[in-house]
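**Q** got a predicted structure here, sequence first:
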Amino acid sequence: MTAWIVFTVAGLGTYLSRSFFILIVGDHTLSVRAERALRNIGPAVLAALTASLLTTDGLVEFVTSIPEVAAVVAALAAGLWRRTFGAAFLAAIIVWAGLSAIL
Amino acid sequence: MRRMSREVRRSALAGARDMLPLILPAIPFGLLIGVAIAESSIPNLAGWFSSSLMFAGAAQLTAITLLAEGAGAFAAIAAALTVNARHVMYSAALVPQFRPQPKWFRRLGPYMLLDQVFAVVTTHVGRPDNWRAYYLGAGTFAWVLWQVIVGVGVLYSPSVNFDISFVIPAIFLSLLVPALVRRPPAAAALVAVGVTAAFWQVPNRGGMLIGGLAGIIAGYLAEGGDQE
């Protein structure tokens, strides 16, 4: 029974965290400042999520992992050059898999 | 009318298609959660239902692990919700896309807002009905696959022993990079990365919350800040 209660309450809490701003703001018109603040939340959070995942084992572990650092550089270079998800992802995976196999 | 519905259907399929590369690397993780449920004292049915009740892999694994180790209900719930605190920022980020949507979608949509869905929809641009179809296509596909993967893990307990830990951050990074050609998102991302890395030791991915907030402020200032 405890497990059911935990999963149900945690599920409700998860839903509330995901819907918080969406339901609160609703139909209200936002000020220019609020719109400006919201505009770059996506890139900021996506970047923070990426950095958090890359440093899961530690900051030093990441910066000394040549395949991972090289793959990040390759993704940045290819993504900024071609401006597509595919180019960035392909570059990252090829560099990461290639260097991981060699080193 | 018919052309519009075809367009909407195409958007839903595009959402599911774009979700595929993000959800595939999550398969070993889902299997791992299934194995954790099967090997714990948690009833299999309750464990498997956590996939639909929570629909959040990391928080799900946290709650399952703590319950399996004998932690109390309050500790398991608090830990799972702490892990999911970042979802508040996803909610804030998607306000402009959700605002023109019908009420039923504003209430139902957030249920599906896991990391991968956020990553795909936040960079997608389209008319409100097409964006909604795209979101539902991506979210529904991820939801169905997640229930199946965790279910397979519970029933068959396969061993998961290959390393794909870099693939998921590589996907998030690749989704982000094309947006960095403008200065404000680039500033937001750069500050977010730096601060998150500086606070990487904060437990439960707390560094990500701090970094995300710092990035949001940097983006706001780069957009012109308080100037009207």
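**A** Looks like it arrived, so ask away. Everything numeric here is computed off the predicted structure, so don't read it as measured data.
**Q** B:Ala138 reaches B:Leu13, doesn't it?
**A** No: the pair B:Ala138 / B:Leu13 is not scored as a contact, 10.2 Å apart, by CB atoms under 8 Å. Where you see a C-beta, it was placed from the backbone N, CA and C, and this is true even at glycine.
**Q** ok, these two, which is more surrounded?
**A** B:Ala138 (29 against 14; other CB atoms under 10 Å in any protein chain shown).
**Q** okay, and the more buried one sits in which element?
**A** Here B:Ala138 sits within helix B:128-156, counting by DSSP states H and E.
**Q** swap in B:Gln201?
**A** Per DSSP H and E, there is no helix or strand for B:Gln201.
**Q** show me what contacts it?
**A** By CB atoms under 8 Å, 6 or more residues apart in numbering or on different chains, B:Gln201 lies in contact with B:Gly207.
**Q** all helices for chain B, in order.
**A** Along chain B, counting by DSSP state H, helices occupy B:2-23, B:27-39, B:44-53, B:57-68, B:73-83, B:87-93, B:95-98, B:103-108, B:115-121, B:128-156, B:167-176, B:183-198, B:206-222.
**Q** could you do chain A as well?
**A** A:2-25, A:32-39, A:41-54, A:59-63, A:66-82, A:85-102.
**Q** was I right about B:Ala36 contacting B:Ile64?
**A** Yes: using CB under 8 Å, B:Ala36 makes contact with B:Ile64 at a distance of 5.2 Å.
**Q** these two: which is more packed in?
**A** B:Ile64 (26 against 20).
**Q** quick one: that one from chain A, how far?
**A** 8 Å (CB to the nearest CB, to the nearest Å).
**Q** let me know how buried B:Ser40 is, in neighbour terms.
**A** There are 16 residues near B:Ser40, going by other CB under 10 Å.
**Q** any idea how far it lies from B:Ala68?
**A** Per CB to CB, to the nearest Å, B:Ser40 is found 4 Å from B:Ala68.
**Q** residues contacting the residue nearest to B:Gly207 when sequence neighbours are not counted?
**A** With CB to CB, 6 or more residues apart in numbering or on different chains as the criterion, B:Gly207 has its nearest non-adjacent residue at 3.5 Å, and that residue is B:Phe199. Going by CB under 8 Å, 6+ apart, B:Phe199 touches B:Gly206, B:Gly207, B:Ile210, B:Gly211.
**Q** ok, now B:Ala222?
**A** Taking CB under 8 Å, 6+ apart as the test, what B:Ala222 contacts is A:Asn40, B:Arg183, B:Pro184, B:Ala187, B:Ala188.
**Q** 7 Å - rerun?
**A** The contact partners of B:Ala222, by CB atoms under 7 Å, 6 or more residues apart in numbering or on different chains, come to B:Arg183, B:Pro184, B:Ala187, B:Ala188.
**Q** my guess is the second one contacts A:Asn40, does it?
**A** Yes: B:Pro184 is in contact with A:Asn40 according to CB atoms under 7 Å; the separation is 5.3 Å.
**Q** and for these two, which residues touch both?
**A** Contacts common to B:Pro184 and A:Asn40, judged by CB under 7 Å, 6+ apart, are B:Gly219, B:Glu223.
**Q** near chain A too, which of the contacts of B:Ala222?
**A** For chain A, the contacts drawn from the contacts of B:Ala222 by CB under 7 Å from any CB of the partner chain are B:Pro184, B:Ala188.
**Q** what about chain A, any weak spots by pLDDT?
**A** Chain A contains residues with pLDDT under 70 at A:27.
**Q** again, only this time at 80
**A** For chain A, the stretches with pLDDT under 80 are A:25-32, A:34-39, A:42, A:85-86.
**Q** only alpha carbons, please: show stretch A:8-26 as PDB.
**A** The C-alpha coordinates for stretch A:8-26 follow below in PDB (Å, rounded to 0.1, in the frame of the first residue of the first chain):
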ATOM      1  CA  THR A   8       0.400   8.500  -6.500                       C
ATOM      2  CA  VAL A   9       1.500  11.500  -4.400                       C
ATOM      3  CA  ALA A  10       4.900  11.800  -6.300                       C
ATOM      4  CA  GLY A  11       2.900  11.600  -9.600                       C
ATOM      5  CA  LEU A  12       0.600  14.400  -8.400                       C
ATOM      6  CA  GLY A  13       3.600  16.500  -7.300                       C
ATOM      7  CA  THR A  14       5.300  15.900 -10.600                       C
ATOM      8  CA  TYR A  15       2.200  17.000 -12.500                       C
ATOM      9  CA  LEU A  16       1.900  20.200 -10.400                       C
ATOM     10  CA  SER A  17       5.600  21.100 -11.100                       C
ATOM     11  CA  ARG A  18       5.000  20.600 -14.800                       C
ATOM     12  CA  SER A  19       1.800  22.500 -15.000                       C
ATOM     13  CA  PHE A  20       2.600  25.300 -12.400                       C
ATOM     14  CA  PHE A  21       3.300  28.200 -14.700                       C
ATOM     15  CA  ILE A  22       1.100  26.900 -17.600                       C
ATOM     16  CA  LEU A  23      -2.000  26.900 -15.400                       C
ATOM     17  CA  ILE A  24      -1.200  30.000 -13.400                       C
ATOM     18  CA  VAL A  25      -0.500  32.300 -16.300                       C
ATOM     19  CA  GLY A  26      -3.400  30.800 -18.300                       C
END
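**Q** before I go, just wanted to say thanks for your time.
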